[in-house]
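Colleague: Structure, please.
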Amino acid sequence: MENWKNLMHLFVTVFLSYFASLLVNPTIADVTMECVCPGKDECSLAIYLTGFQQAVGGLGAVVIMPLIGNLSDSYGRKVLLTIPLTLSIIPFAILALKRTTQSFYVYYVLKTLTSMVSEGGVMCLSLSYLADNVSEGKRVSAFGLLAGVVSVATVCGTIAARLLPTPQIFQVAAVASIVAAVYMRAFLEDTIRHIDALEQPILKPDIGTTEQLDKTNVIKKIPLPKDIIRFLKSSVTVSLASFVAFFNSLAEAGVQSFLMYYLKARFHYQKDQFADIWLITYIGATVSNMVLMPTLGPLLGEETLLCIGLVAGFLNMLLYSIAWTSWVPYASASLAIFLSLASPSIRCIISKQAGPYEQGIAQGCIMGVSSFANVISPLIYSPLSALFLSEAAPFNFPGFSILCVGLAWLAGFVPSTMIKIVPLLSRRRPSDHISTLA
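Modeller: As a prediction, this is how the structure comes out:
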């Protein structure tokens, strides 16, 4: 694989960043419950707070992700990557110093604000960096490896969460975030993107004027809604992939925010049980992204892998929703070996529809679509989860909201079956470019 040295530095940066972020995942539900509803296993307020945080963060990211992607096309990936890596340090540092109710709410506010940039920004810019350094034919394997690095980071973070006491978890997360930012600035090299004469940008000016972009007015770099819509409508493949990305992110956001509350209410899971579930999930995801995707991607194509991942997501949630005893969620978590194929497949499909000077804006637009799904997700699943986990549920089915999460994956499966990747060069001619963003 080309530029392997640069890619290794990127992978280390992503590992450290996601290790810090995902280290706190098995713990944050317990911390939230302790601060908001001490001594209880069911708490609607905690669910609504989580949903509100997710919605506000997603709403901000809808605007910020395309902006970050577009700026990185002009200023370089490394400069822009510094921003989310630095911002992600702040919330962890708050709870690393103190875990009182007051400090939790300070963490809550800062996490809500910084997540607009940090949660999607690292992945958006990392995918763009990969596309700069890897040829189109090897991109599916590279994207799979990046997703595998995230999965490995999650496995390591989950094991650490299983072993460490809660106060030390946030301290370790803060240190790892700092190391990620410092390592990236010290070792990651920005790359020069080479463009083929036939690969005219959808959302960029002529190649000859790209080096003469005005870098003094950041406001002019903000993609307008019409620019984002123009990219999402640039081909049938991009349009279908954006629909799939929406439903996939809608489901992923539901799982990450509300599954733990469901398991806590249904089976009285604690931090260690949550860690076990995430450990099984991400070991499967690691095998999937680092073995199955690089192996099967060139043979089956990312369209087929995407369909497999979406179906696995539905089956996964179906098992969770009808779990009749405490061991069933552990069995269901093993389906992550197929579920985790979906996201990197979507990113790879989008990458192949964009030219070298629009990888940032392309990944930013799709990340914006995913962020919009993060806004919608809590509006749907927060009231559903709170209702069906309470005594006022209209019928006795605590896992109904989790089943609805699975239906989002099933809805994404329908357009995924119609995706056919059309090579970029066959779609464009030198005179066909559209000049929009300066």
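Colleague: contacts and neighbour counts: CA atoms only from here.
Modeller: Fine.
Colleague: can you list the residues that contact stretch 163-170?
Modeller: Residues from elsewhere that reach stretch 163-170 (CA atoms under 8 Å, 6 or more residues apart in numbering): Leu23, Val24, Thr27, Phe92, Ala93, Leu95, Ala96, Arg99, Ala160, Ala161.
Colleague: so, if you compare the residues you listed, which one comes nearest to Val375?
Modeller: Val24 (21.8 Å; CA to CA).
Colleague: what bits of the stretch 201-350 of the chain have low per-residue confidence?
Modeller: For the stretch 201-350 of the chain, the stretches with pLDDT under 70 are 201-226, 271.
Colleague: could you pull out the strands for it?
Modeller: Using DSSP state E, counting those that start in this stretch, no strands are found in the stretch 201-350 of the chain.
Colleague: Now for Cys35, which secondary structure element holds it?
Modeller: helix 25-36 (DSSP states H and E).
Colleague: Does anything pack onto that helix? Which helices or strands?
Modeller: helix 44-75, helix 101-133, helix 139-163, helix 271-287 (3 or more CA pairs under 8 Å, 6 or more residues apart in numbering; DSSP states H and E).
Colleague: Take those and lay them out in CSV including mean neighbour count.
Modeller: Formatted as CSV, these follow (neighbours: other CA atoms under 10 Å):
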stretch, mean neighbour count
helix 44-75, 23
helix 101-133, 21
helix 139-163, 24
helix 271-287, 22
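Colleague: Any idea which of those helices gets closest to Leu16?
Modeller: Of all the helices and strands packed on helix 25-36, helix 139-163 comes closest under CA to CA, at 7.2 Å.
Colleague: Next secondary structure element downstream of the closest one?
Modeller: Next element after helix 139-163 (DSSP H and E): helix 166-187.
Colleague: Can you give me the buried ones in that next one?
Modeller: 166, 169-181, 183-184 (16 or more other CA atoms under 10 Å).
Colleague: how much distance is there from that helix to the middle of the chain?
Modeller: 19 Å (CA atoms, centre = their mean, to the nearest Å).
Colleague: pLDDT on that helix, on average?
Modeller: Mean per-residue pLDDT for helix 166-187: 91.
Colleague: same check, this time on stretch 401-408
Modeller: Rounded mean pLDDT across stretch 401-408 is 90.
Colleague: so how far is Val414 from the residue nearest to the spatial centre of the chain?
Modeller: Centre of the chain computed as the mean C-alpha position; nearest residue by CA atoms, centre = their mean is Gly120, 5.7 Å away. Per CA to CA, to the nearest Å, Gly120 is found 25 Å from Val414.
Colleague: Might one say that the residue nearest to the centre of the chain is in contact with Met367?
Modeller: Yes - at 6.7 Å, Gly120 counts as touching Met367 under the criterion of CA atoms under 8 Å.
Colleague: okay, and the common contacts of the two?
Modeller: With CA under 8 Å, 6+ apart, Gly120 and Met367 have common neighbours Ala61, Met65.
Colleague: Among the helices and strands packed on helix 25-36, which comes closest to Leu296?
Modeller: helix 139-163 (9.0 Å).
Colleague: related to what we said a few turns ago, farthest pair within the contacts of stretch 163-170?
Modeller: Arg99 and Ala160 (19.0 Å).
Colleague: what about the nearest residue to Val255 once chain neighbours are set aside, is that helix, strand or coil?
Modeller: The shortest distance from Val255 to any non-neighbouring residue, by CA to CA, 6 or more residues apart in numbering, is to Val405 (7.2 Å). Applying DSSP: H, G, I helix; E, B strand; the rest coil to Val405 yields a three-state assignment of helix.
Colleague: Val405 and Gln256: what is the separation?
Modeller: As judged by CA to CA, Val405 and Gln256 stand 11 Å apart.
Colleague: that older thread, mind putting the helices and strands packed on helix 25-36 in TSV, distance to Ala362 included?
Modeller: Output for the helices and strands packed on helix 25-36, formatted as TSV (distance: least, CA to CA, whole Å):
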stretch	distance to Ala362
helix 44-75	7
helix 101-133	8
helix 139-163	15
helix 271-287	25
